[in-house]
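Trainee: Predicted model and sequence below, questions to follow.
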Amino acid sequence: MLIDSTRVRNPANEMALVGMERDLSPADLRAMRTGIGAATNALFAVRLQTAALNWIIVTQMLSAVSR
């Protein structure tokens with residue numbers, strides 16, 4: 001099945017297209033900022049989840065030791 005990728009508009013596709021041009025338009029810069037922001041937010045969310053899980057594990061271990 002062939003997919004027409006010219007109609008797909010998302011930050012990742014627009015970021016890929018930016019590298020093909022020499023002169024960046026404001027729309028290209030917005031697409032890059034959007035893509036970078038989305039990736040940063042996703043990484044930050046994972047780090048928060050990891051920190052929360054680590055906190056739960058440590059508190060459980062400490063409570064088990066103190067019994």
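Mentor: Good, I have the coordinates.
Trainee: What count of nearby residues applies to Thr31?
Mentor: Just so we're on the same page, residue 31 is Ala rather than Thr. 22 (other C-beta atoms under 10 Å). (Each C-beta comes from the backbone N, C-alpha and C, glycine too.)
Trainee: what is the mean pLDDT for the helix or strand harbouring it?
Mentor: Counting by DSSP states H and E, the element that carries Ala31 is helix 26-66. Averaging pLDDT along helix 26-66 gives 90.
Trainee: That one packs against which elements?
Mentor: Helices and strands touching helix 26-66, by 3 or more C-beta pairs under 8 Å, 6 or more residues apart in numbering; DSSP states H and E, are helix 11-18.
Trainee: For the helix it packs on, give the mean pLDDT please.
Mentor: In this model, helix 11-18 has a mean pLDDT of 57.
Trainee: Next, count neighbours for Leu32.
Mentor: No, residue 32 isn't Leu; it's Met. Met32 has 16 neighbouring residues, counting by other C-beta under 10 Å.
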